[in-house]
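> Show me how the following folds:
(one chain, ligands or ions: 1)
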Amino acid sequence: MTLSELGTYTAQQFEQVYGRPARWIAAAPGRVNVIGEHTDYNDGFVLPMAIERYTVIAAAPSDGHSGSVQLHSTAQNSAPPIDLSQTLKPAAKGTWWNYPLGVIAGFIRQGARPGGFDALIHSTVPLGGGLSSSAALEVSTATLLEMMTGKELGPVDKALLCQKAEHEFAGMPCGIMDQFISVLGRKDHLLLLDCRSRKPELVPMRDGSVALLIVNTNVKHELTGGEYAQRRAQCEQAAEALAVPSLRDATAQVLEQGRARMDETVFRRACHVIGEIERTVHAAEGVRASNWTTVGQLMYASHASLRDDYEVSCAELDAIVEIAARIGTQGGVFGCRMTGGGFGGCAVALVRTDAVDAISATIASEYEAATRIKPTLFVSRPAAGATIVRSGEAGGPPYFRRR
Ligand code: GLA
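Alright, predicted model coming up:
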C-alpha cells in the first residue's frame, strides 16, 4: 500500500471505530540498518534508511471534550482510557501503548497541554521484527502531537523525546538510531549519523540498479531483552578499561594494548564495535561512489563480527547470510547481514534489482528447507521520514507535508 492509500485506509478505520472523521493523520516509517550495528550507544556511526512501511495514526478531539485519550490499534487490543489529569505512568512491561504513552508524557513534560483525543493506529511495519516498529509508533505519535498541540520540536529534540519514551516507558535502553532515521529519513537517501555529535548526513542512493532486500526470519530468540543491556554494559566496561569516554575514542591498536585489562568476552565486544565504526564510514563512501561490491563485502564482514565477536546473531540469520553468499555476485547478491538488535528479526541483502525475484525465491525455499520456517521477504527503496498526512479539517482530502 502507498502512504496515500494507507492514510485513506486508516481514516476509514477511524470513522468505523469512533463514528466521526479524523482531524489529524500522521505517519512515520520503520527502518533497516544497512551497516553500523550496536555502534549508536558507543558514540559511533550508523547507516540506516527508512523503509516504505509505516505506522499511521489518525486522531480527533474526544467527544464531549473529556480529558482522556483513547487508543485503538487495528492489530492489537485497545488501551484503557488514559486520564490526562493524572501523572502518566508506564503500564506493565511489554504493553504496546507504553510507546505512545511515553511520548504524550514527554510532550507534557515540555509544557505542551494536549486535550483529550481519540486515536486509531494502523501499521505495515512488521511488529517485533527488528525493523523499528516501536520507533515508528513513537515518532508517528510525536508528529501527531506536534500538530495537535502546536508544539513543534526540532528533529533532534523529537528523536530524543521518543528515545526517552522508550527508555522510561518501555524499559528498553536503546540508542538513538531508530528514532533519528524515522524522523529524518529521505527518499533515495541513506542516513549517515554521527551518534556523538548527532550530525546527520544524507548519503544519496539513487542508483535504481540496486535494492535492499529485507528477509524476516520470523523468529525471535531474545527472551527477556536483557541481552541488549548486557552488551551495552560490556562496551562501557571496555571503554573504562581503556580509559576512554566511549569506544568511539579507541582504535584497534589502543584495544590491543589494553587487552590484558579486560576479560576475553569484553575484548571481543570491543573488537566488534571498533571495527564496525570503521566499516560504516567506509560503506558510506562506497554508497556515494556506487561501489556496490565494496559495500557488500563490508556487510558480510559486519555479519561475521556480529556473529563471532558480538554474539547477537542466531542460526536462522546465519542461514540467510550463507544462502545469500552462495548466490553470490554472479547471481546478483553483493552482500548480506543481520540488521537491528539481533537474536532473530531480519537480515538485509544488497541485491541487483533485476535479479530480485530469483534471489527471493532461492532464499525463501532454501531457508524453509533448512529451518522449517517460512520467511517473509520484501524490497524497499530508501523512503521519507515522518510525514503529516492530514492536518486540520476532518473529511477534507488528505495532503502531504514533509516535516
Ligand atoms: C536496536 C536499538 C538501536 C541499536 C540497534 C543495534 O535496534 O533500538 O538503538 O542499538 O538495536 O544497532
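
> pLDDT at Phe400, what is it?
Phe400 carries a pLDDT value of 56.

> Renumber starting at 260 from here on
New numbering, starting at 260: the last item is Phe659.

> so where's this structure shaky on pLDDT?
Scanning the chain for pLDDT under 70 picks out 324, 482-484, 652-662.

> mind listing the strands for it?
283-294, 304-320, 327-332, 341-342, 376-382, 448-453, 458-463, 469-479, 592-598, 603-611, 635-639, 646-649, 660-661 (DSSP state E).

> Residues contacting the fourth one, please?
By that I understand strand 341-342. By C-beta atoms under 8 Å, 6 or more residues apart in numbering, the residues outside strand 341-342 that reach it are Gly326, Ser327, Val328, Gln329, Leu330, Leu347, Trp356, Leu360, Ile363. (Each C-beta comes from the backbone N, C-alpha and C, glycine too.)

> can you redo those residues as CSV with neighbour count?
Listed next are these as CSV, based on neighbours: other C-beta atoms under 10 Å:
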residue, neighbour count
Gly326, 15
Ser327, 16
Val328, 23
Gln329, 20
Leu330, 23
Leu347, 17
Trp356, 23
Leu360, 24
Ile363, 26
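
> And those residues, which is closest to Lys633?
Trp356 (29.8 Å; C-beta to C-beta).

> okay but the closest one is in contact with His331, surely?
No. Taking contacts as C-beta atoms under 8 Å, Trp356 lies outside contact range of His331: 10.1 Å.

> Tell me the residues that contact both of the two, please.
Looking at what touches both Trp356 and His331 (by C-beta under 8 Å, 6+ apart), the common residues are Ala338.

> how close does Glu264 sit to Leu386?
The spacing between Glu264 and Leu386, counted by C-beta to C-beta, to the nearest Å, is 20 Å.

> can you check Leu576 too?
18 Å.

> In terms of neighbours, single out the busier of these two.
Taking neighbours as other C-beta atoms under 10 Å, Leu576 and Leu386 compare with Leu576 leading, 29 against 15.

> For the closest residue to Lys352 other than its chain neighbours, give me the backbone phi and psi.
Nearest residue to Lys352, sequence neighbours excluded (C-beta to C-beta, 6 or more residues apart in numbering): Gly430, at 5.5 Å. Phi and psi for Gly430, reported as degrees, to the nearest 10, are phi 70, psi 20.

> Gly430: how many residues sit nearby?
Neighbourhood size, Gly430 [other C-beta under 10 Å]: 13.

> How about the one 4 residues further on?
A count of neighbours around Gly434, defined by other C-beta under 10 Å, yields 21.

> Check Ala492 too.
Neighbour number of Ala492 under other C-beta under 10 Å is 13.

> Quick one: check stretch 567-574 for contact with the ligand.
No. Judged by C-beta under 6 Å from any ligand atom, stretch 567-574 stays clear of the ligand, getting no closer than 8.2 Å.

> List the buried residues of that stretch.
For stretch 567-574, burial by neighbour count (16 or more other C-beta atoms under 10 Å) applies to Asp568, Tyr569, Glu570, Val571, Ser572, Cys573.

> Among those, which ones are in helices?
In helices, defined here by DSSP state H, there are no members of the buried residues of stretch 567-574.

> Name the member of those residues with the shortest distance to Ser505.
Nearest member of the buried residues of stretch 567-574 to Ser505, counting by C-beta to C-beta, is Tyr569, at 16.1 Å.
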